[in-house]
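Chemist: coordinates for the following, if possible.
(one chain, ligands or ions: 1)
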Amino acid sequence: MSKDTSAEDPWHSGGKLHPVLGTRDPQLADAQRVWGEDFEPVDLSELEGADPHLEDVGEQMRRLRDALTGIADSGADLAEAAELLRRAADIVEPQSPDQATRLASQWRKGGPGARRTNPVGGTENVIAPPLRAFGHPDGSVSARITLGLPYQGPPGCVHGGMSALMLDHLFGFANHWVGLRGMTAHYEIDYRKPTPLLEPLDMKAWVESHEGRKIWVRATIESGGELRVEARALFISANVPLPGRDATAPGEER
Ligand SMILES: CCCCCCCC/C=C\CCCCCCCC(=O)SCCNC(=O)CCNC(=O)[C@H](O)C(C)(C)COP(=O)(O)OP(=O)(O)OC[C@H]1O[C@@H](n2cnc3c(N)ncnc32)[C@H](O)[C@@H]1OP(=O)(O)O
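Modeler: Sure thing, here's the model as predicted:
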């Protein structure tokens with residue numbers, strides 16, 4: 001399997017995979033403590049060059065998101081915060097192009113695709129934890145994250161849909177890491193034990209096999225050394241027209 005991807009391929013937004021992260025990144029430092037030095041981070045080069053104010057706004061929004069969830073019984077006075085947030089929205093909204101324009105801009109040739117904005121890893125997306133994935137030399141990808149109250153399902157536990165979402169996303173990275181890409185066609189998941197909030201979750205995904213357009217992937221979530229969730233999926237190599245781009249002939253189908 002090849003890791004080569006081509007920025008010239010209009011159906012693929014990714015560049016070649018290479019380590020680009022600095023060790024100041026807390027999730028990378030955490031991952032290095034857990035998995036040692038024997039892995040390379042998945043390419044996140046599309047994050048370079050982002051407006052630092054955009055990164056900062058995203059970060060402040062996530063702080064608010066986490067601080068706000070479950071605050072109702074605390075007696076907090078939120079009047080000033082509400083006013084400041086209204087002002088912030090009044091500043092940003094008029095500067096933000098319509099959604100169709102922004103959608104197309106994500107998929108410009110050689111652009112970041114949805115990796116900056118997707119709901120799992122996108123730092124521009126407030127609902128994203130955001131999860132960061134790391135690629136290992138054995139072809140698997142891993143992520144470690146601790147989720148808070150915004151992601152609660154059963155009492156004190158991660159919402160099962162959130163687990164499914166994160167693993168589906170990791171499947172995408174597992175494909176990407178070994179030079180494949182596809183769409184989820186079939187997805188099955190077993191919730192073996194409750195998945196705790198507020199405790200580190202270790203996720204792993206890998207391509208088990210692939211033949212023609214079919215890619216079979218597997219993934220797990222562990223916490224405290226115990227298996228919580230395991231999932232299997234069939235991805236199918238498929239060509240989806242990119243927003244704002246002519247639907248010209250895609251590259252070779254796998
Ligand atoms: C482009 C940019 C890439 C950027 C890369 C960046 C890398 C960064 C990495 C990661 C970050 C992001 C990662 C995100 C990841 C998330 C993934 C999703 O959420 S995907 C959304 C949900 N999935 C759908 O919406 C699919 C909807 N379904 C379809 O469109 C079609 O069903 C499709 C394309 C999957 C297949 O349709 P057909 O018409 O092309 O092909 P047919 O002939 O039906 O199937 C081909 C073969 O597959 C089998 N097949 C199809 N579906 C099956 C199923 N559900 N179960 C079992 N077999 C199935 C069929 O039986 C057939 O097999 P036989 O060739 O006959 O042996």
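Chemist: list the contacts of the residue in the chain that the ligand sits nearest to.
Modeler: For the chain and the ligand, the shortest gap (CB to the nearest ligand atom) falls at G172, measuring 2.2 Å. Every C-beta, even on glycine, is put in place using the N, C-alpha and C of the backbone. Going by CB atoms under 8 Å, 6 or more residues apart in numbering, G172 touches R181.
Chemist: secondary structure element holding it?
Modeler: Assigned by DSSP states H and E, G172 falls within helix 160-177.
Chemist: likewise for I189?
Modeler: Counting by DSSP H and E, I189 is part of strand 183-191.
Chemist: check which residues of the helix or strand just after that strand are buried.
Modeler: Counting by DSSP H and E, the element after strand 183-191 in chain order, helix or strand, is strand 200-211. Within strand 200-211, the residues that qualify as buried are L201, D202, M203, K204, A205, W206, V207, H210, counting by 16 or more other CB atoms under 10 Å.
Chemist: between helix 160-177 and strand 200-211, find me the angle.
Modeler: Strand 200-211 runs at 50 degrees relative to helix 160-177, counting by axes from the mean of the first three to the mean of the last three CA atoms, to 10 degrees.
Chemist: A89 belongs to a helix?
Modeler: Yes - under DSSP: H, G, I helix; E, B strand; the rest coil, A89 sits within a helix.
Chemist: how close does it sit to V57?
Modeler: A89 sits 11 Å away from V57, going by CB to CB, to the nearest Å.
Chemist: repeat that for L64.
Modeler: 11 Å.
Chemist: more neighbours, these two?
Modeler: Neighbours were counted for L64 and for V57 using other CB atoms under 10 Å; V57 has more, 16 against 13.
Chemist: list the buried residues in whichever strand or helix holds the more buried one.
Modeler: Using DSSP H and E, V57 falls within helix 52-68. The neighbour-count criterion (16+ other CB under 10 Å) identifies V57, G58, M61, R62 as the buried residues of helix 52-68.
Chemist: what's that helix packed up against?
Modeler: helix 79-92 (3 or more CB pairs under 8 Å, 6 or more residues apart in numbering; DSSP states H and E).
Chemist: how about residues contacting the helix it packs on?
Modeler: Against helix 79-92 from outside (CB under 8 Å, 6+ apart): V57, L64.
Chemist: any idea of the mean pLDDT in that helix?
Modeler: Averaged over helix 79-92, pLDDT sits at 98.
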